[in-house]
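# predicted model and sequence follow; I will ask about them next.
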Amino acid sequence: MTAADTIVPIDLEGLPTRSLPEWLETMVLIREFESVLDDLSLGGKVVGGVHCAIGQEAVAVGTSRALTDDDIITTAHRPHHHALAKGMSPDAAMAELFGKATGCVGGRGGTMHLADFEHGYFPGNGIVGANVGLAMGVALSLHMRGVPAVACALFGDGAANTGRTWEAINLAVVWKLPLVAVCENNMYAVETRIDRVTGGDSIATRAAGFGLPSAQVDGQDAGAVFRAVREARARALAGEGPTFIEALTYRYLGHSTGAEPAYRSDEEVNAWRSTRDPIDRLRAALTAADLIDNDQYEQGVARCRQVVANAVAAAEAAAEPEPASAAAGVTGFVVTLPKNLHE
Amino acid sequence: MSELVTVGQAFKQGVAEEMRTDDTIFVIGTDLVRRGGHFAQVKGLADEFGLARVRDAPISEAAMVAAGVGAALSGMRPIVDLNFIDFSLGAMDEIINQAAKMRYMSGAPVPLVIRASSGVALYASQHNNSLEGWFAETPGLFVVAPSTPADTKGLIKTALRGEDPVIFLMHKRLSGTRGTVGGPDAVVPLGSAAIRRPGRHVTMLAWGAMVAKAVTAADELAVDGVEAEVIDLRTLFPVDLATIEASVRRTGRVLVLSESPRVGGVAAQVAAQVQESVFDWLDAPVHRIGAAHSPIPHNPTLIEALIPQPADIVSAVRTSMRRWPSTDPASADLG
């Protein structure tokens, strides 16, 4: 028996069939994009380390494909998969990691602070739990302005143990805001396994106590995530308020660049990688449904690698931001402050 | 226009006028709808503007400020009313890491006003923190602290027409202070100080409740022929250095007054800026009068002992005049 024999294809029921090859290719793009980051970081090209989400691609693609450009998402410190799934150009994302002027926020943000308002990707957050409240605030604005769109917060199991996550959820419930809260439970907050630090049966049951629909979904199944977010979005647009989704997923790499995951067993990692990989499972379903063949898949992988290689080359060639601009644009109101004597 | 209104009423007038012309302005806070806020600062607004624009929230400071930041990023102009500035401590990440940095990090403006009552009054240590220095030193935030009804109205209107986060501090002891206010177009710009009492011998810099104490002290000093100029900073970031410098060039002496402990804070910052920029005009060291390095207690006698009083200011001015005789003949033989 080979590993492929044990891969359970996802259920394609109710999914937009013609779009599914694009879903798969986007998941591959995310993985290829993140696969080059550790080396670029350790080689000093990407400034500082990064948090990769390899293994969690189905949560990103399943969520974003259930949303439109008018819907917004907010993310936390592990954001590349969401940014790319929501439509940020790989060039703008990679250049931002390099800190270049052509980055999506001109080199000011880096990995945790990507932003692309045009695609509804609101500025990412480096503070665990903070982005749920921001999405709730955007949902409030959408609600007050009568805009038919939703705000979706994507956060981890770690954020589910911050008080303000639940402050935000509660406020969304009492104000019936169009918020979709997606908890990406990858089982580890940095290196702390969730069952060591989390009371109750599950994050989803905790959320249910706040009085909103809440359920766990298989986060390695892009279709399951898609269906859950699509339903949550429809509820929100119907004025029925927020929904909580706990997507059970897994990150293959350590918490951040160079981190050796010594806190978990090889068996655990291999079990997730060999049989539950989100790309393998979607590919298996598409293959079985004759929506894609091996050649087409390999061509897609080659395209993604080229896109990533181009993004790296463009980022390397791009200009540094102007040092004179370092303190520009802190506020809209122009403030003239005394200079240092040597200036 | 000649009607006297309280600081709270002035705030409400300013907010109401702006809400009438800009339907993206709304208020989030606790006990706003019926009670009108703890200082009646929004009393009646819910009747005029409805429950969608005057929103009662749970006591969830982080969620309230986050709601404000998110809404501000998405086309609205929220006012988040935190009651007491002490309660901002439950939303400090939302203020410092989210609201203040968003424009720099992403280019997106955050037109958000955070209103809170501040300054030293009753109810001990957890309701009387002087946090203005923390906010004033955070890039991306504006901090205002008006002391009159007119400035309160003029500054809230400016804050609501801007596109940056403004920490709007209203001193608890000034809530009932009455005065006239300007009309719908009377705005007070950010970063502009006001000379409350002109004088030529010494400059006193103050804000909030210390302004009135400075004026009281100045009146007492005038009996001896010392004419103190009292400047109300009104905005704590950015500080109106031009007005301060012009005054110090005339007087040669400066005292910075505050209710905050003397370690750090706005007074220390202003003192440093003054000596950097007008050192050559100074006849005496820049002097700061602040609170003892202590939390605020319950007992009024203890509070009074901690916080600078007019007598402390008078004494400091006399010491300053004595130690560094001015060339001004009017003050040459003083004390």
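Arrived safely.
# beyond the helix or strand encompassing B:Arg115, next helix or strand please.
Per DSSP states H and E: B:Arg115 is located in strand B:113-118. Sequence-wise, the next helix or strand downstream of strand B:113-118 (DSSP H and E) is helix B:132-136.
# what's the mean pLDDT across that next one?
Averaged across helix B:132-136, the pLDDT comes to 97.
# please see if it touches chain A.
No - using CB under 8 Å from any CB of the partner chain, helix B:132-136 stays clear of chain A, with a minimum separation of 11.7 Å. Bear in mind the C-beta positions are built from the backbone N, C-alpha and C, glycine included.
# which helices and strands sit right next to that helix?
strand B:142-144, strand B:166-171, strand B:235-237, helix B:265-278 (3 or more CB pairs under 8 Å, 6 or more residues apart in numbering or on different chains; DSSP states H and E).
# so the second one versus strand B:113-118, what angle?
What that stands for is strand B:166-171. With axes from the mean of the first three to the mean of the last three CA atoms, to 10 degrees applied, the angle from strand B:166-171 to strand B:113-118 works out at 20 degrees.
# what's the offset of strand B:166-171 from the middle of its chain?
6 Å (CA atoms, centre = their mean, to the nearest Å).
# and what of stretch B:249-260?
That offset, for stretch B:249-260, works out to 16 Å (CA atoms, centre = their mean).
# which parts of it are buried?
Within stretch B:249-260, the residues that count as buried by 16 or more other CB atoms under 10 Å in any protein chain shown are B:251-260.
# inside strands: which ones of those?
When DSSP state E defines the strands, the subset of those inside them is B:254-260.
# so which of the residues you listed is the closest to A:Asn310?
Ranked by distance to A:Asn310 (CB to CB), these are led by B:Ser260 at 55.0 Å.
# the closest residue to the closest one other than its chain neighbours and chain A, how far apart?
Of all residues not flanking B:Ser260 in the chain, B:Ser130 sits nearest, at 3.8 Å (CB to CB, 6 or more residues apart in numbering or on different chains). From B:Ser130 over to chain A the distance is 22 Å, taken as CB to the nearest CB, to the nearest Å.
# burial of A:Asp266, as a residue count?
8 (other CB atoms under 10 Å in any protein chain shown).
# can you pull the pLDDT of it?
pLDDT, A:Asp266: 92.
# ditto for B:Ser326
51.
# try the one 5 residues further on
According to the predicted model, the pLDDT of B:Ser331 comes to 48.
# about what we covered before: could you export the ones in strands among the buried residues of stretch B:249-260 as JSON lines, including pLDDT?
Shown next, in JSON lines, are these (pLDDT from 0 to 100):
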{"residue": "B:Val254", "pLDDT": "97"}
{"residue": "B:Leu255", "pLDDT": "97"}
{"residue": "B:Val256", "pLDDT": "98"}
{"residue": "B:Leu257", "pLDDT": "98"}
{"residue": "B:Ser258", "pLDDT": "97"}
{"residue": "B:Glu259", "pLDDT": "96"}
{"residue": "B:Ser260", "pLDDT": "94"}
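# just send the buried residues of stretch B:249-260 back as TSV, with distance to A:Gly120 too.
As requested, these are arranged in TSV below (distance: CB to CB, whole Å):
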residue	distance to A:Gly120
B:Thr251	56
B:Gly252	59
B:Arg253	58
B:Val254	52
B:Leu255	53
B:Val256	48
B:Leu257	49
B:Ser258	45
B:Glu259	45
B:Ser260	43
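# then the helix or strand hosting A:Asn170 to PDB, C-alphas only?
Here A:Asn170, judged by DSSP H and E, is contained in helix A:163-174. C-alpha atoms of helix A:163-174 as PDB (Å, rounded to 0.1, in the frame of the first residue of the first chain):
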ATOM      1  CA  GLY A 163      -9.600  37.700  26.400                       C
ATOM      2  CA  ARG A 164     -10.100  40.300  23.700                       C
ATOM      3  CA  THR A 165     -10.900  37.700  21.100                       C
ATOM      4  CA  TRP A 166     -14.100  36.900  23.100                       C
ATOM      5  CA  GLU A 167     -14.800  40.600  23.800                       C
ATOM      6  CA  ALA A 168     -14.900  41.100  20.000                       C
ATOM      7  CA  ILE A 169     -17.000  38.000  19.400                       C
ATOM      8  CA  ASN A 170     -19.500  39.000  22.100                       C
ATOM      9  CA  LEU A 171     -19.800  42.500  20.700                       C
ATOM     10  CA  ALA A 172     -20.400  41.000  17.200                       C
ATOM     11  CA  VAL A 173     -23.100  38.800  18.700                       C
ATOM     12  CA  VAL A 174     -25.000  41.600  20.500                       C
END
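# for that helix, packing partners?
By 3+ CB pairs under 8 Å, 6+ apart, helix A:163-174 packs against helix A:130-145, strand A:179-185, helix B:61-73.
# for that helix, buried residues please.
In helix A:163-174, counting by 16+ other CB under 10 Å, buried: A:164-173.
# what's the answer for stretch A:224-238, then?
So stretch A:224-238, judged by 16+ other CB under 10 Å, has buried residues A:224-233, A:235-236.
# now the helices and strands packed on helix A:163-174 in a markdown table, with mean pLDDT and mean neighbour count?
Listed next are the helices and strands packed on helix A:163-174 as a markdown table, based on pLDDT from 0 to 100; neighbours: other CB atoms under 10 Å in any protein chain shown:
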| stretch | mean pLDDT | mean neighbour count |
| --- | --- | --- |
| helix A:130-145 | 98 | 28 |
| strand A:179-185 | 98 | 29 |
| helix B:61-73 | 98 | 30 |
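# and A:Val105, which of these is closest to it?
helix B:61-73 (13.8 Å).
# and the closest one with chain A, contact?
Yes - counting by CB under 8 Å from any CB, chain A is contacted by helix B:61-73 at B:62-73.
# which ones are touching the residue of the stretch 101-250 of chain A found nearest chain B?
Of all residues in the stretch 101-250 of chain A, A:Gly137 sits closest to chain B, at 1.8 Å by CB to the nearest CB. By CB atoms under 8 Å, 6 or more residues apart in numbering or on different chains, A:Gly137 lies in contact with B:66-74.
# rerun that using 7 Å as the cut-off
With contact set as CB atoms under 7 Å, 6 or more residues apart in numbering or on different chains, A:Gly137 has these partners: B:66-71.
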